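Student: structure, please.
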Amino acid sequence: MHFTTPTIILALLSAKALVLGSVIPDNSQTFILSGYCWNNSLTRHEHYPTEDDHNAGAISVCNMFLGGQKSKQINMYDQNLGHSDLTAYDKKAITWVYEMTLRDTTIKQDVDFDTCVDGFGRVLSEGKLGDAYCVVHGQETVLSKGGRWEKPMKYGTLRFDVRKKRGT
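Tutor: Modelled structure (predicted):
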């Protein structure tokens, strides 16, 4: 599985924050690193699952999609939409929606468990800092903000979408 990019960027972001923190006064409210998920009393608290919870939800949903099989043939008309009830970083309940769709072909494609889990993981690991994921200020905790990643297939494209369910 491929879940390492946020961790690498986290190390770079932490080093950048140390340098910037020594230049910017503590009372400055004008500077914000967009990759941070702020959680102090002066700013909003982000309501997103951690990277580990994002990945655990993907495993659960992929098990549901495949129905205990090693692989499954899907076509563009199949609705592979599932959700996982997680606990967000702020310790409140959050429902995370996972959707896998085959696009741009009418030919069925085989999808196995590893491809499913890896695809949802890549939404986070291949996404942009500040868009698909953020880092809790002052910590090394990566939070998933959701997003999209597409995997080219022999025929068509397999799209993975992850998002917060409205109202949670």
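Student: hey, what's residue 159 bridged with?
Tutor: On the basis of DSSP bridges, residue 159 is bridged to residue 101, residue 150.
Student: from residue 103, how far out is it?
Tutor: 6 Å (CB to CB, to the nearest Å). Where C-beta positions appear, they are placed from N, C-alpha and C, glycine not excepted.
Student: ok, residue 127 next?
Tutor: Applying CB to CB, the value for residue 127 to residue 103 is 19 Å.
Student: who has more neighbours, those two?
Tutor: Taking neighbours as other CB atoms under 10 Å, residue 127 and residue 103 compare with residue 127 leading, 20 against 11.
Student: list the contacts of that one.
Tutor: By CB atoms under 8 Å, 6 or more residues apart in numbering, residue 127 lies in contact with 133, 145, 147, 149.
Student: check the third one and give its pLDDT.
Tutor: If I follow you right, that is residue 147. As predicted, residue 147 sits at a pLDDT of 95.
Student: now the first one
Tutor: In this prediction, residue 133 carries a pLDDT score of 85.
Student: who wins for neighbours among the contacts of residue 127?
Tutor: Most neighbours among those, by other CB under 10 Å: residue 133, with 27 neighbours.
Student: residue contacts, that residue?
Tutor: Neighbouring residues of residue 133 by CB under 8 Å, 6+ apart: 6, 51, 124, 127, 142-145.
Student: from residue 151, how far out is it?
Tutor: Using CB to CB, one gets 19 Å for the distance from residue 133 to residue 151.
Student: so the spatially most central residue of the chain is in which element?
Tutor: Per CA atoms, centre = their mean, the C-alpha nearest to the average position across the chain is that of residue 124, at 3.6 Å. Taking DSSP states H and E as the criterion, residue 124 maps to helix 113-125.
Student: tell me which residues are up against that helix.
Tutor: Helix 113-125 is contacted by residues 1-6, 51, 54-55, 57-59, 61-63, 65-66, 70-71, 98, 100, 132-133, 142, 144, 146-149, 151, 158, 160-162 when judged by CB under 8 Å, 6+ apart.
Student: show me these that map onto helices.
Tutor: Residues of these located in helices (DSSP state H): 5-6, 51, 54-55, 57-59, 61-63, 65-66.
Student: apply the buried test to those residues and list what passes.
Tutor: Among these, those classed as buried by 16 or more other CB atoms under 10 Å are 5-6, 51, 54-55, 57-59, 61-62, 65-66.
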